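A.B. asks: Quick one: sequence plus predicted model below, questions after.
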2 protein chains.
Amino acid sequence: MSEPAYTRLGVDERRRQLLELGTELFTGHSYGELSMAQIAREAGISKALLYHYFPSKRDFFVATLARAAEELRARTEPDPSKPPLEQLTGSLDGYLELIEENSASYEKLIESATTVAEVRELIDNVRELTAQRILAGITPEGTVATPPVRAAVRAWLWFMDGACLDWVRNGDFERTELRDMLLGTLFGSLAAAGGQSMLSALAEQASS
Amino acid sequence: MSEPAYTRLGVDERRRQLLELGTELFTGHSYGELSMAQIAREAGISKALLYHYFPSKRDFFVATLARAAEELRARTEPDPSKPPLEQLTGSLDGYLELIEENSASYEKLIESATTVAEVRELIDNVRELTAQRILAGITPEGTVATPPVRAAVRAWLWFMDGACLDWVRNGDFERTELRDMLLGTLFGSLAAAGGQSMLSALAEQASS
DNA sequence: CCGCTTGTTGACCGATGGTCGATAGCGTGT
DNA sequence: ACACGCTATCGACCATCGGTCAACAAGCGG
């Protein structure tokens, strides 16, 4: 009778513990591979308690990703004091560094991302935000990008994920090589989409 | 008493009916949104019968896609009598035409594609096959592509899906524009990946 | 009209995401 | 030291999922 059947924790404490465990588990297994029952068992609590803290599995998952998402935003935050081209390369470097450090989780994320609508949206949001940033830095003031240019920028973000996935999986070339290839592709794509005026603006910066 | 409890159909007939219903349902709803129970109810049969004809939900799904996959393969089959560059544009045109005709289903496919491992593999296979085709037409005989070039080609296929998705969703530019943008991006990407020798081979063809 | 083949069914299984009323840990007031 | 109450926690439960199985019956050949 001396032994308590369970230990009672404060709300914040338990939340923190669960989130910590969640990030750990989800970096090793994809979303579909983990059941709430497993997670609860791993945490030493009942499934009901897990649901008491997070209204659904998806909520738990995205809460788990919140920290990483915040870091992503911070690392890709462009430095407004620099010219657009350098802002872009800076953000890109930040992005690639982050992936390189967490390469183990990156694959799982891309996999899960597609499975869970919420994460899909999250990634889409990041893409859209990034696309806007790029377009803003590229488009001459007062004009809007033509549809092909818009499509090119959006598609380039897919290109980026594809390239990063290959890079992470094979790891047989340098991050700087990857970065240059990404930048070169973006320029090539913009040129092919007819965004000549935007390119020339960037080219001036590059040559100076 | 006179009314039979169910109508008995021939094997082929039933299979055809189910496949037809399946393609219809799956073009309107993604894989995860449909349960086998729903499908069976929609077909007016029991779930067990559905499983009698298709060993699993995934099998049913891929069987449903088989026709489309076959058409995809046929449409992107390169014409070996033509030079590599024209083979590529030809395959690309075939691909884009197919998407344009079935734009309604294309989005659902991309969504489902990611959810279902089998379809993911199917798409990956198509990507890999296409990548090999491109590399084969580009790489000088007896040499292998460098890692960055390999990554560039793979990533370009992601670019293609991203661009097609934007195109299908907004539909505010022409298929030929899209095709040219895709080709231009591929060249730009190869250039950025250091595949100069491959590019020059293509450029010669293009100028002649 | 019967029997045999086989297309077809209802009932069932284990696991999953999710819910709810009851229980019990523990800080607090006396 | 004891009782009280707040609420963190649990066990039991539910609908649905993909999937399985033995038994039934539709309809053809004799």
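C.D. replies: Here it is on my side, so go on. Since we're looking at a predicted model, the values are computed, not measured.
A.B. asks: Report the distance from the longest helix along chain A to the chain centre.
C.D. replies: Using DSSP state H to define each element, chain A has its longest helix at helix A:147-170. Taking CA atoms, centre = their mean, to the nearest Å, the mean C-alpha location of helix A:147-170 is offset from the chain mean by 13 Å.
A.B. asks: Buried residues of it, list them for me.
C.D. replies: Going by neighbour count (16 or more other CB atoms under 10 Å in any protein chain shown), the buried part of helix A:147-170 is A:147-168. Where C-beta positions appear, they are placed from N, C-alpha and C, glycine not excepted.
A.B. asks: ditto for stretch A:131-145
C.D. replies: For stretch A:131-145, burial by neighbour count (16+ other CB under 10 Å) applies to A:131, A:133-135, A:137-139, A:145.
A.B. asks: who's in contact with the closest residue to A:V116 other than its chain neighbours?
C.D. replies: On the basis of CB to CB, 6 or more residues apart in numbering or on different chains, the spatially nearest residue to A:V116 that is not a chain neighbour turns out to be A:Y31, at 5.4 Å. Contacts here follow CB atoms under 8 Å, 6 or more residues apart in numbering or on different chains; on that basis A:Y31 touches A:61, A:111-112, A:115-116, A:119.
A.B. asks: how close does A:Y31 sit to B:L85?
C.D. replies: Noted for A:Y31: a distance of 42 Å to B:L85, by CB to CB, to the nearest Å.
A.B. asks: Can you name the residue of chain A nearest chain B?
C.D. replies: Among all residues of chain A, A:G188 sits closest to chain B, at 1.3 Å; criterion: CB to the nearest CB.
A.B. asks: element containing that residue?
C.D. replies: Here A:G188 is covered by helix A:175-192, with elements defined by DSSP states H and E.
A.B. asks: now for that helix, which elements pack on it?
C.D. replies: Here helix A:175-192 is seen to pack against helix A:84-101, helix A:147-170, helix A:196-207, helix B:147-170, helix B:175-192 when contacts are counted using 3 or more CB pairs under 8 Å, 6 or more residues apart in numbering or on different chains; DSSP states H and E.
A.B. asks: Is the fourth one in proximity to chain A?
C.D. replies: Same thing as helix B:147-170. Yes. Figure legend: helix B:147-170 in contact with chain A (CB under 8 Å from any CB of the partner chain); contacting residues B:147-148, B:150-152, B:154-163, B:166-167, B:170.
A.B. asks: what angle separates that helix from helix A:147-170?
C.D. replies: An angle of 140 degrees separates the directions of helix B:147-170 and helix A:147-170 when computed by axes from the mean of the first three to the mean of the last three CA atoms, to 10 degrees.
A.B. asks: Packing partners of helix B:147-170?
C.D. replies: With contacts defined as 3+ CB pairs under 8 Å, 6+ apart, the secondary structure elements packing on helix B:147-170 are helix A:147-170, helix A:175-192, helix B:84-101, helix B:103-115, helix B:117-138, helix B:175-192.
A.B. asks: Okay, the residue nearest to A:R169 when sequence neighbours are not counted and DNA strand C: tell me how far apart.
C.D. replies: Nearest residue to A:R169 in three dimensions, chain neighbours excluded: A:E107, at 7.2 Å (CB to CB, 6+ apart). Separation of A:E107 from DNA strand C (CB to the nearest atom of the strand, to the nearest Å): 20 Å.
A.B. asks: same check, this time on A:S56
C.D. replies: Using CB to the nearest atom of the strand, which is the criterion applied here, A:S56 is 4 Å from DNA strand C.
A.B. asks: contact partners of stretch A:45-57?
C.D. replies: Outside stretch A:45-57, the residues that touch it by CB under 8 Å, 6+ apart are A:6, A:14-15, A:18, A:36-37, A:39-40, A:43, A:60, A:63.
A.B. asks: Of these, just say which sits nearest to A:I123.
C.D. replies: Taking CB to CB as the measure, A:A63 is the one of the contacts of stretch A:45-57 closest to A:I123, at 16.3 Å.
A.B. asks: A:G22 is in contact with the closest one, correct?
C.D. replies: Yes. Look at A:A63 against A:G22 with CB atoms under 8 Å: they come within range, at 7.4 Å.
A.B. asks: more neighbours, the two?
C.D. replies: Neighbours per residue (other CB atoms under 10 Å in any protein chain shown) separate A:A63 from A:G22, with A:G22 holding more: 21 against 16.
A.B. asks: That one against A:L65, yeah?
C.D. replies: No. Counting by CB under 8 Å, A:G22 does not reach A:L65; the two are 9.0 Å apart.
A.B. asks: I'd like to know how far the residue of chain A found nearest DNA strand D sits from A:E86.
C.D. replies: Nearest to DNA strand D, among the residues of chain A, is A:A48, at 2.7 Å (CB to the nearest atom of the strand). In this structure, A:A48 and A:E86 are separated by 52 Å, where distance is defined by CB to CB.
A.B. asks: Equivalent analysis for A:H52, please.
C.D. replies: 48 Å.
A.B. asks: Does at least one residue of stretch A:96-116 sit close to DNA strand D?
C.D. replies: No. With CB under 7 Å from any atom of the strand as the measure, stretch A:96-116 is seen stopping short of DNA strand D, the closest distance being 14.1 Å.
A.B. asks: quick one: which of the contacts of stretch A:45-57 is nearest A:A69?
C.D. replies: Minimum separation from A:A69 among these (CB to CB) is found for A:A63, which lies at 10.3 Å.
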